[in-house]
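Enquirer: okay, sequence plus prediction incoming.
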Amino acid sequence: MSIKNIVSLGLLVFIPISIAAEQLHWGELAVFFTSALAIVPLAIWLSTATEEVALVAGPSIGGLLNAVFGNATELIIGIVALRSGLIDIVKASITGTIISNLLLVMGLSMFLGGLRYKEQTFQPVVARVNGSTMTLAVTAIVLPAMVISTSNVVEFATIEDLSVTVAVVLLAVYAMTLLFSLKTHSYLYAVSVADLESGESHAEPEHKPNLPLWIGVLLVSTIAVAYESEIFVGVVESATAGLGLTPLFTGVILLPLVGGAAEYVTAVRVAIKNNMDLSVSVAMGSSLLVALLVAPTLVLIGQAIGQPMDLNFNLFEVVAVTVAVAIANLISLDGQSNWLEGMLLLATYVVLGAAFYYHPVS
């Protein structure tokens, strides 16, 4: 049994435990940890169901499904937290997810894959395209913070209007990236989870997943993630405060670890199988999805439900994201990786994590 199956099946036991912890009032810390552990397997099942449905739906629709549901867990947690008014944590989770995918996920993949294979290769053109798009997205996201830091007085309404404008532009860019990757230049992205699974669960060439079953899994997983997210978000602020953690550290470090479990497992698993094309694609693609779809969507939803969500990030978050994007682009440009490059990415993540932990509460 693979690590993915062990995690996705074994941790399901925390779903009833987390519900019991909430209903029987076992304490905020118990609810926090059990609901976080319950979300991890649900995120993996949600991702797996999306992949299985995509195999049947075909390249175009399948790619669209992966694009939309690829970070569904992060989006659901973000919406639930936004409804609860935890705007600072939501904003921190956006930058945190980008940082963790580029440094932690890619770093683990390159490090563990590099321990097994002396040198691994992947398509540098995909890394360049993703890198340049990521640079644009991050530039657009950090601009509102730059406006405030370089101006004496900025009206709150002005920041909101700027954030909405940027959000619309980012969504338009995301639509163009879908057109590029699924239609006009789809041959550049001809790597998929199906390539990995050949010889494993899809060993027979004619085998097709049970579509009704996986659609059901997709729906149930989505509903379950939303339910567990309600439990998790309900205690996240008080529980982490009890642990001595700031909202900034909670959003940047803890939430991405909970919501991004599926990406971590998939990227590392395929890297160990010497499929760095898919591993890099998962890590960079997930960061792109957060920057171009999740962040602007949360801004627009926040405006719609009366929660003043904007793109005015903490200045240190801006610096951290810029560093993560620059280093990830620099390391991935040559289309080759080894364990040392993975270790460098992981070291950068640990240093940034320590800096966020010791960052004073403003």
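Expert: Nice, I can see it. Fair warning: this is a prediction, and the values are worked out from it, not measured in the lab.
Enquirer: ok, and what's touching stretch 10-29?
Expert: Stretch 10-29 is contacted by residues 30-31, 34-35, 37-38, 40-42, 224, 228, 231, 234-235, 238-239, 242-243 when judged by CB atoms under 8 Å, 6 or more residues apart in numbering. The way it works is simple: take the backbone N, C-alpha and C, and place the C-beta from them, glycine included.
Enquirer: list only buried entries from those residues.
Expert: When these are checked for burial by 16 or more other CB atoms under 10 Å, the buried set is 30-31, 34-35, 37-38, 40-42, 224, 228, 231, 234-235, 239.
Enquirer: what is the mean pLDDT for the lengthiest helix in the chain?
Expert: Counting residues, the longest helix in the chain under DSSP state H turns out to be helix 211-242. The predicted model assigns helix 211-242 a mean pLDDT of 90.
Enquirer: cool, stretch 128-136 as well?
Expert: Model confidence over stretch 128-136, given as mean pLDDT, is 81.
Enquirer: only the buried residues of that stretch, if you could.
Expert: By 16+ other CB under 10 Å, the buried positions in stretch 128-136 come out as 129-131, 133-134.
Enquirer: now do stretch 17-27
Expert: For stretch 17-27, burial by neighbour count (16+ other CB under 10 Å) applies to 17-19, 21-22.
Enquirer: now, among those, which is nearest to Phe69?
Expert: For these, the residue nearest Phe69 by CB to CB is Ser18; the value is 22.9 Å.
Enquirer: follow-up on the earlier one: got the buried residues of stretch 17-27 as CSV, with distance to Thr73 and pLDDT columns?
Expert: Formatted as CSV, the buried residues of stretch 17-27 follow (distance: CB to CB, whole Å; pLDDT from 0 to 100):
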residue, distance to Thr73, pLDDT
Ile17, 19, 95
Ser18, 15, 94
Ile19, 18, 94
Ala21, 20, 94
Glu22, 19, 92
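Enquirer: now render these as JSON lines, adding secondary structure and distance to Ser287.
Expert: Shown next, in JSON lines, are these (DSSP: H, G, I helix; E, B strand; the rest coil; distance: CB to CB, whole Å):
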{"residue": "Ile17", "secondary structure": "helix", "distance to Ser287": "32"}
{"residue": "Ser18", "secondary structure": "helix", "distance to Ser287": "29"}
{"residue": "Ile19", "secondary structure": "helix", "distance to Ser287": "32"}
{"residue": "Ala21", "secondary structure": "helix", "distance to Ser287": "33"}
{"residue": "Glu22", "secondary structure": "helix", "distance to Ser287": "32"}
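Enquirer: now the two most distant members of those residues.
Expert: Ile17 and Glu22 (9.9 Å).
Enquirer: just the helices in the stretch 101-250 of the chain please.
Expert: Counting by DSSP state H, counting those that start in this stretch, residue ranges of the helices within the stretch 101-250 of the chain are 106-116, 124-149, 156-179, 193-197, 211-242, 247-249.
Enquirer: re earlier: closest to Leu345 among the buried ones among the contacts of stretch 10-29?
Expert: Each of the buried ones among the contacts of stretch 10-29 was scored against Leu345 by CB to CB, and Val40 proved nearest at 22.2 Å.
Enquirer: and the closest one, what does it touch?
Expert: 7, 11, 258, 261.
Enquirer: low-confidence ranges in the protein?
Expert: By pLDDT under 70, the low-scoring segments of the chain are 1-4, 58-64, 66-68, 70, 152-154, 186-208, 361-362.
Enquirer: can you redo the buried residues of stretch 17-27 as a markdown table with distance to Phe356?
Expert: Shown next, in a markdown table, are the buried residues of stretch 17-27 (distance: CB to CB, whole Å):
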| residue | distance to Phe356 |
| --- | --- |
| Ile17 | 29 |
| Ser18 | 26 |
| Ile19 | 31 |
| Ala21 | 28 |
| Glu22 | 28 |
